[in-house]
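S.K.: sequence first, predicted coordinates after that:
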Amino acid sequence: MKIISLNKILILAIIIAVIIISILYSKILLPFFIGAFIAYLLNPLVVYAENKKINRNLASLVALVLFLGFILLFSLSVLPIIIQQTLEFLERFPNLVKRVEDYMLKISKLLNNNILEFDNINILKDFHDSLAIILKKIVNKLLFSSIAIMNLFSLIIITPIVTWYFLKDWNKIIFFIKNNIPVKYQSNIENNFNEVDVILSSFIRGQFLVSIILAIFYFIAFYLVGLDHAIFLAMFSGIFSLIPYFGIIISFLLSSYIAVLQFTDLFFIVWIILIFLISFLLEGYFLSPKIIGEKLGLHPLAILYSIFIFGSVLGFVGVFFAIPFASIIFLYYKKILFSINNIKNDTKSI
């Protein structure tokens with residue numbers, strides 16, 4: 001009994017130590033986190049290949065090469081256009097601010113008051129100045145920081161290697177973890193991990209697929225109506241669609257802002273409203289139910305609450321992954337509640 005207890009304490013201590021080290025050295029261990037994440041995404045493809053009698057090592061290599069090939073193709077073809085359009089947008093930003101000021105002053109004169117002749121206009125100038133300072137700091141950090149260069153090097157070189165090892169040894173890693181769990185807890189823990197896997201896989205793989213489809217839709221729609229920076233806005237809107245409710249609002253406001261300044265016609269916003277209304281219906285009534293499911297059983301208020309909570313704790317990562325995190329907590333809340341009710345029923349029956 002003492003040996004078993006010591007083993008449990010040792011395993012628990014190792015798990016806690018791994019978690020603490022991972023948090024303390026998260027920047028250094030970033031390639032390992034990303035590698036594990038990519039391996040998790042690609043594992044179903046490798047499992048499918050294995051079922052077709054293809055060697056796992058070969059299947060892992062092919063899956064990784066295809067993934068890296070897609071990233072390289074995207075980087076060489078689409079990424080330069082996105083960067084160019086983003087830089088063009090930032091270059092035009094001072095002029096856009098000036099035009100907004102002019103609009104506000106005209107409206108103020110029409111209203112015959114000084115409400116909009118303001119000091120409030122300085123908010124836009126301050127925002128632009130702050131944006132320029134932030135961008136300069138980012139560029140300087142990226143270009144002149146040796147740590148940033150080392151991190152970039154490690155990401156590019158080490159991440160694919162780590163990913164391949166995770167992929168090819170995925171079953172061995174799971175087997176190793178399982179073997180180091182006491183036998184009487186193995187079944188219960190395995191079931192819990194499977195339930196968490198269903199939540200994570202349905203959201204991560206599903207939501208990213210939904211975001212890609214929406215980004216393609218946005219690009220086609222923006223391009224057809226002749227909106228400037230169509231690729232930049234489509235990518236922005238696609239990425240921000242990962243944030244429930246707030247993402248579509250932010251994307252709509254930015255697109256409307258650019259549309260009004262480009263066409264100098266408020267009526268053009270009708271086209272933007274129509275585009276985002278279609279995307280909202282497409283995502284809410286077709287893509288998400290078919291690909292992800294009904295938001296993993298969470299009430300809209302629970303989703304909003306989780307966005308604020310996880311966003312305040314984990315920043316952007318918390319905002320983007322608020323739904324699966326909240327779903328996992330809700331899953332264990334139901335399990336605990338079910339266990340408590342069972343204990344109460346057993347007590348009553350006695």
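M.R.: Everything's here; your move. Residues are numbered from 1 along each chain as shown.

S.K.: tell me where the stretch 151-300 of the chain has helices.
M.R.: 170-179, 183-225, 230-240, 246-263, 269-282, 288-291, 300-314 (DSSP state H, counting those that start in this stretch).

S.K.: out of those, which gets the lowest mean score?
M.R.: Per-stretch mean pLDDT for those is lowest at helix 288-291 (a mean of 73).

S.K.: looking at the helices of the stretch 151-300 of the chain, which is buried most?
M.R.: helix 230-240 (a mean of 22; mean count of other CB atoms under 10 Å). The way it works is simple: take the backbone N, C-alpha and C, and place the C-beta from them, glycine included.

S.K.: now distance to Leu24 too, for the helices of the stretch 151-300 of the chain, in TSV please.
M.R.: Putting the helices of the stretch 151-300 of the chain into TSV (distance: least, CB to CB, whole Å) gives the following:
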stretch	distance to Leu24
helix 170-179	22
helix 183-225	24
helix 230-240	29
helix 246-263	31
helix 269-282	41
helix 288-291	37
helix 300-314	16
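
S.K.: out of those, flag the one nearest Ser327.
M.R.: helix 183-225 (4.9 Å; CB to CB).

S.K.: out of the helices of the stretch 151-300 of the chain, flag the one nearest Ile28.
M.R.: helix 300-314 (18.9 Å).

S.K.: any idea of the angle the closest one forms with helix 246-263?
M.R.: Angle, helix 300-314 to helix 246-263, by axes from the mean of the first three to the mean of the last three CA atoms, to 10 degrees: 80 degrees.

S.K.: quick one: buried residues of stretch 322-339?
M.R.: Under the neighbour-count criterion of 16 or more other CB atoms under 10 Å, stretch 322-339 has Ala322, Ile323, Pro324, Phe325, Ala326, Ser327, Ile328, Phe330, Leu331 buried.

S.K.: ditto for stretch 34-52
M.R.: Neighbour-count burial for stretch 34-52 [16+ other CB under 10 Å]: Ile34, Gly35, Ala36, Ile38, Ala39, Tyr40, Leu41, Leu42, Asn43, Leu45, Val46, Ala49.

S.K.: settle this for me: the second one is touching Thr163, isn't it.
M.R.: Yes. Because the distance of 4.2 Å satisfies CB atoms under 8 Å, Gly35 is recorded as touching Thr163.

S.K.: okay, and Leu76 sits in which element?
M.R.: For Leu76, the host element (DSSP states H and E) is helix 56-77.

S.K.: remind me what that helix packs against, helices and strands.
M.R.: With contacts taken as 3 or more CB pairs under 8 Å, 6 or more residues apart in numbering; DSSP states H and E, helix 56-77 sits against helix 30-51, helix 146-168.

S.K.: of all these, which lies closest to Leu253?
M.R.: helix 30-51 (30.6 Å).

S.K.: so the closest one versus helix 170-179, what angle?
M.R.: Going by the same axes, to 10 degrees, helix 30-51 makes 110 degrees with helix 170-179.

S.K.: for helix 30-51, which outside residues touch it?
M.R.: Here helix 30-51 makes contact (CB atoms under 8 Å, 6 or more residues apart in numbering) with 22, 26, 56, 59-60, 62-64, 67, 151, 154-155, 158-163, 165-167, 170, 200-201, 204-205.

S.K.: next, the angle from the helix holding Leu76 to helix 30-51.
M.R.: If you take the same axes, to 10 degrees, helix 56-77 sits at 120 degrees to helix 30-51.

S.K.: now helix 56-77: average pLDDT?
M.R.: 85.

S.K.: and the contacts of it?
M.R.: Contacts of helix 56-77 with the rest of the structure, by CB under 8 Å, 6+ apart, involve Ile38, Leu42, Leu45, Val46, Ala49, Glu50, Pro160, Thr163, Trp164, Leu167, Lys168, Asn171.

S.K.: what comes up buried for it?
M.R.: For helix 56-77, using 16+ other CB under 10 Å, the buried residues are Arg56, Ala59, Ser60, Ala63, Leu64, Phe67.

S.K.: with distance to Leu277 added, can I get these in CSV?
M.R.: Formatted as CSV, those follow (distance: CB to CB, whole Å):
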residue, distance to Leu277
Arg56, 46
Ala59, 43
Ser60, 43
Ala63, 38
Leu64, 40
Phe67, 34
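
S.K.: what is the nearest of those to Ile177?
M.R.: Arg56 (18.0 Å).

S.K.: find the nearest non-adjacent residue to Phe236, please.
M.R.: Ser251 (6.3 Å; CB to CB, 6 or more residues apart in numbering).

S.K.: wait, what's in contact with the one you found?
M.R.: Ser251 neighbours (CB under 8 Å, 6+ apart): Tyr218, Leu233, Phe236, Ser237, Phe240, Ser241, Phe276.

S.K.: excluding residues flanking it in the chain, which one is nearest the fifth one?
M.R.: Meaning Phe240. Leaving aside its chain neighbours, Phe240 sits nearest to Gly247 (3.8 Å; criterion: CB to CB, 6+ apart).

S.K.: fine by me, we can end here.
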